[in-house]
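[1] Got a predicted structure here, sequence first:
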Amino acid sequence: MAIQITGDASADKILDESPFALLAGMMLDQQYPMEHAFRGPAKVTDRFGSFDPAAIAAADPEEFAAMAATTPAIHRFPGSMATKLQELARIVTDDYDGDASRLWTEAADGKDLLKRVMALPGFGKQKAQIFVALLAKQLGVRPDGWEQAVGDYALEGFRSVADVVDPASLQKVRDYKKQKKAAAKVASSA
C-alpha cells in the first residue's frame, strides 16, 4: 500500500520510499497539522538535495536550521525541529547504519519495537504507539505482540495518522481528535 498522508503525491512518495522520511515525518507530527508535518521530509529533500540520514547528521547545524526555517518552514518550530531531525539522523546513522527500517526489522517483538521508537528524540509513549500502529496498518510490519504494544491504536477506526489512507480518512481522524479535545475540555471544567 502506498503512503497517502500529505495530500501531495511527491511528498507521499518520499515517505513511501524512505523509512527515514516516514520516521522523521512522525517526529515532526506535533503541534502542527499532520499532513504538513509529513511534508517536512519533502521540503528538506527539495532544499537540501537529499534525505540521507548521514548527510543530515553531518550538516552544519546553523545552516541546517536556516534551511528548515525557509518559508514554508518544515514545522511551526523550525529551529528546534531541525535540531531534533539532526539528532534523529545521527541515531539512525550511528545505531542502524543509516537504515531506519532496521528499527522495526530487527525488533524482537512489539514491546521491543515500541521501546526502540520511544528512545528516539521527539517520541513519547503515545507517539511511539501511533508510529508502531502506522507501521502495522500501512506497511504490514507486525512483530509478535504489536497489538498489545500499541493499545487502542491497534483498533479499527480513525484515531491517528496510522489510519490515514486518503483525504476522507484524514478528515475522520481530524473529527475524532476534535471530539476528544472537546470531551477533555468538558471533563477538565467539571
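    Here it is on my side, so go on.

[2] Quick one: mean pLDDT for stretch 81-90?
    Mean pLDDT, stretch 81-90: 97.

[3] ok, residues contacting it?
    Here stretch 81-90 makes contact (CB atoms under 8 Å, 6 or more residues apart in numbering) with 20, 23-24, 27-28, 40, 44, 53-54, 56-57, 59, 61, 64-65, 67-69, 74-75, 120-122. Where C-beta positions appear, they are placed from N, C-alpha and C, glycine not excepted.

[4] Quick check: phi and psi at residue 132.
    phi -60, psi -40 (degrees, to the nearest 10).

[5] Contacts only, for residue 103.
    Contacts of residue 103 by CB under 8 Å, 6+ apart are 19, 23, 92, 96, 113, 116, 117.

[6] Tell me which two of those sit farthest apart.
    Maximum pairwise distance among these (CB to CB): 14.9 Å, between 92 and 113.

[7] Now intersect the contacts of stretch 81-90 with the helices, please.
    20, 23-24, 27-28, 40, 44, 53-54, 56-57, 61, 64-65, 67-69 (DSSP state H).

[8] Can I get the buried part of those as one ChimeraX selection?
    Buried residues among the ones in helices among the contacts of stretch 81-90 (16 or more other CB atoms under 10 Å), as a ChimeraX selection:
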select :20,23,24,27,28,40,44,53,56,57,64,65,67,68,69
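
[9] Tell me which residues touch the residue most central in space within the chain, please.
    Residue closest to the average C-alpha location in the chain (CA atoms, centre = their mean): residue 26, at 0.9 Å. The neighbours of residue 26, taking CB under 8 Å, 6+ apart as the test, are 37, 38, 123, 127, 130, 131, 134, 161.

[10] Weed out the non-buried ones from those residues.
    By 16+ other CB under 10 Å, these give 37, 38, 123, 127, 130, 131, 134, 161 as buried.

[11] nearest to residue 79, of those?
    residue 37 (15.6 Å).

[12] Can you tell me how far the closest one is from residue 189?
    According to CB to CB, to the nearest Å, residue 37 stands 29 Å off from residue 189.

[13] what ranges of this structure fall below the confidence cut-off?
    1 (pLDDT under 70).

[14] before we move on, the earlier item: out of the contacts of residue 103, which sit inside helices?
    19, 23, 92, 96, 113, 116, 117.

[15] ok, how many other residues are close to the fourth one?
    Other residues within reach of residue 96 by the criterion other CB atoms under 10 Å amount to 18.

[16] Having no further points to raise, I will conclude here.
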